[in-house]
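Student: Okay, structure incoming, though there's no sequence with it:
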């Protein structure tokens, strides 16, 4: 007769058969049967346990297994099903609580984030982890959760699994026009950007991109400058009691780069006697405009810092392609505002370099480029190269003032050029290599993992489609800002959004299998993705993951399971970061060897380079960017270590 059992935590305790009987009674009642039958089932369970565990101590799971067998043997399949469901539910709750408490404990003893845990941040961090654990247990498909927990894949932003989209790109001008907003001051624009950024936190997990901010602000800068000039001019006219009205034609042509109005004033007989008092109005107006712009940007960035508490939520501003005087002034003052002191802003600048001319000292953009380099030290900037084939296809020429606004909401062209990233899942290539050890077997196993990820991302899409939200802002490139969508349009837009498949451990796997470069491997993956897109009419895209936390998680799970394996786990991290020491040419040669794979990453590819802080200076960054620009790289991230 059984006297003791082993609990899940390893403790040995006295066996109580009444607990078996109570659980069976609950299962019988759940399906509408009389609970008197519970004794019959319990007796059979006890008989079997005495035979099977005559010389050893059973575990809780062993006993539950025997209950299921007894119910089926006594022809209670419906009761067995109810018991299995009850058992599974209890397991989920128990595992969730255990993992959640462990996560909370890890947060509380993490010295790296100890100083960040203000009361608000503590609640926010614990809340996100609680939602993440709930989603793993109760929302995510069990087999997808299993692959995630084992470190075979990483499902990004699990805490937002059933709530909203990852990110969107905002055409600020279209927001204003389609919502019929009247904004007369630069501060109105800053408040709109702030409102959009904060409100989008309700729907996005990663933060929006204002993807042509210098274009969007150009007109208000022109308007503000003219307004300042007119006010200053009126003050002077009034002080000298001169009857003179500014010529409307002159006002129309007045701009930051055109001071022809001073030439007209110099020959006007009414103004000429007081010319020295009027001649400086133009320069004074420019100075005041710069002060207003800088104060507006300072206010915006400070408010974003104070109001955005989520460390994963970053607001991106891409600029650099507007070559007007106003556009360059916007770029310069945004960079100057962020450079004023070191603050950890929830902001990232994507500075677009159109071609090599930006890097020459005689180019008007050169000073702005030099100012931008200092932001590298604070991880506030990345560089995009518009002369690459990838960016030529993907990035609109924002200086094209003749672009056509297509308001057809169901246009195939618009829907297939969505700038939404709905969800991202990364594959751990190293774990697949460790499981297979041969390249052909590796590719076959990889195909199976890709099928799993296709399925998981599609399920994520369906979860979003079934939500009740009616607001999906700026989901479509260039043209449309939606405040309210009907269900048909919403679902079409969501279906056209990107489902991103990330790769981790590319370099490690190539070295392990002695592959010369990654073209064959990436082409194999890209071909399978293209075939899946053709079959499903969805938009799976491929990119290389540069999320250091994800790569660190993967290498930890692999080391725990496989130990130190040469060329794979014998390092601190899986990463695609190139190290620049003193030899720039050697670095460029390494990058050049793999550049032909970049065009295959249709979800975007970024080159990540780290530089020792002792080696950092403007010249080395300038030389690096100029050389990288010649290699058809889409985006460059530079980190200082």
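Tutor: In hand now; what should we look at? Fair warning: this is a prediction, and the values are worked out from it, not measured in the lab.
Student: Could you list the residues in contact with stretch 22-34?
Tutor: 35, 37-38, 41-42, 67, 71, 76, 78-80, 82-83, 86 (CB atoms under 8 Å, 6 or more residues apart in numbering). C-beta here means a position set from N, CA and C on the backbone, and glycine is covered the same way.
Student: Report the two of these separated the most.
Tutor: 42 and 78 (18.0 Å; CB to CB).
Student: out of these two, which sits in the busier spot?
Tutor: Higher neighbour count among residue 42 and residue 78: residue 42, with 21 against 15, using other CB atoms under 10 Å.
Student: Is the more buried one in contact with residue 19, as I believe?
Tutor: No - using CB atoms under 8 Å, residue 42 is not in contact with residue 19, being 10.0 Å away.
Student: what ranges do the strands span in the chain?
Tutor: 4-6, 12-14, 153-155, 169-170, 209-210, 315-319, 347-353, 381-385, 421-428, 498-504, 540-544, 577-580, 606-611, 635-640 (DSSP state E).
Student: Residue 318: what's its closest spatial neighbour, skipping adjacent residues?
Tutor: Leaving aside its sequence neighbours, residue 318 sits nearest to residue 350 (CB to CB, 6 or more residues apart in numbering; 3.8 Å).
Student: what do you get for residue 545?
Tutor: residue 502 (3.6 Å).
Student: ok, the one you found to residue 518 distance?
Tutor: Between residue 502 and residue 518 the computed distance is 14 Å (CB to CB, to the nearest Å).
Student: Wait, the residue nearest to residue 545 touches residue 429, no?
Tutor: No - using CB under 8 Å, residue 502 makes no contact with residue 429, being 10.4 Å away.
Student: how far does stretch 500-509 sit from the chain's center?
Tutor: Between the centre of stretch 500-509 and the centre of its chain there are 17 Å (CA atoms, centre = their mean, to the nearest Å).
Student: One more: stretch 46-56?
Tutor: Using CA atoms, centre = their mean, the offset of stretch 46-56 from its chain centre is 55 Å.
Student: what mean pLDDT does that stretch have?
Tutor: Summarised as a single mean, pLDDT over stretch 46-56 is 87.
Student: For it, which outside residues touch it?
Tutor: 1, 2, 17, 20, 58, 62, 63, 66, 69, 70.
Student: And the helices in the stretch 501-641 of the chain, which stretches?
Tutor: Taking DSSP state H, counting those that start in this stretch as the test, the helices found in the stretch 501-641 of the chain are 506-512, 519-536, 548-562, 584-594, 618-628.
Student: out of the ones you listed, deepest packed?
Tutor: When those are scored by mean count of other CB atoms under 10 Å, the highest mean neighbour count falls to helix 506-512 (a mean of 20).
Student: Show me what that helix is packed against.
Tutor: For helix 506-512, the packing partners by 3 or more CB pairs under 8 Å, 6 or more residues apart in numbering; DSSP states H and E come out as helix 429-436, helix 519-536.
Student: For residue 384, report the pLDDT, please.
Tutor: 84.
Student: Please look at it and residue 629 and confirm they touch.
Tutor: No - applying CB under 8 Å, one finds residue 384 not in contact with residue 629, separated by 10.3 Å.
Student: shared neighbours of those two, which are they?
Tutor: Common neighbours of residue 384 and residue 629, using CB under 8 Å, 6+ apart, are residue 353.
Student: and stretch 594-611, average pLDDT?
Tutor: Mean per-residue pLDDT for stretch 594-611: 77.
Student: ok, back up a step: is it possible to get JSON lines of the strands of the chain that adds mean neighbour count and distance to residue 325?
Tutor: Formatted as JSON lines, the strands of the chain follow (neighbours: other CB atoms under 10 Å; distance: least, CB to CB, whole Å):
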{"stretch": "strand 4-6", "mean neighbour count": "16", "distance to residue 325": "78"}
{"stretch": "strand 12-14", "mean neighbour count": "9", "distance to residue 325": "80"}
{"stretch": "strand 153-155", "mean neighbour count": "23", "distance to residue 325": "46"}
{"stretch": "strand 169-170", "mean neighbour count": "22", "distance to residue 325": "25"}
{"stretch": "strand 209-210", "mean neighbour count": "21", "distance to residue 325": "21"}
{"stretch": "strand 315-319", "mean neighbour count": "23", "distance to residue 325": "14"}
{"stretch": "strand 347-353", "mean neighbour count": "22", "distance to residue 325": "18"}
{"stretch": "strand 381-385", "mean neighbour count": "24", "distance to residue 325": "22"}
{"stretch": "strand 421-428", "mean neighbour count": "24", "distance to residue 325": "34"}
{"stretch": "strand 498-504", "mean neighbour count": "24", "distance to residue 325": "36"}
{"stretch": "strand 540-544", "mean neighbour count": "21", "distance to residue 325": "36"}
{"stretch": "strand 577-580", "mean neighbour count": "16", "distance to residue 325": "35"}
{"stretch": "strand 606-611", "mean neighbour count": "19", "distance to residue 325": "31"}
{"stretch": "strand 635-640", "mean neighbour count": "19", "distance to residue 325": "27"}
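Student: Considering those strands, which stretch scores lowest in mean pLDDT?
Tutor: strand 169-170 (a mean of 78).
Student: tell me what that one is packed against?
Tutor: Going by 3+ CB pairs under 8 Å, 6+ apart, strand 169-170 lies up against strand 209-210.
Student: Can you tell me which helices and strands the strand it packs on packs against?
Tutor: strand 169-170, strand 315-319.
Student: partners of the shortest one, with directions?
Tutor: Paired strands of strand 169-170, with direction, are strand 209-210 (parallel) (DSSP bridges).
Student: which residues are in contact with the strand it pairs with?
Tutor: 167-170, 172, 193, 216, 315-318, 350, 419.
Student: do stretch 511-518 as well
Tutor: So stretch 511-518 is contacted by 430, 433, 439, 442, 506-507, 509-510, 521, 567-568, 593-594, 596-597 (CB under 8 Å, 6+ apart).
Student: can you pull the contacts of the residue positioned nearest the centre of the chain?
Tutor: Note on the chain: the residue nearest the mean C-alpha position is residue 206, at 4.3 Å, using CA atoms, centre = their mean. When contacts are counted by CB under 8 Å, 6+ apart, residue 206 touches 157, 166, 167, 312, 313, 314, 421.
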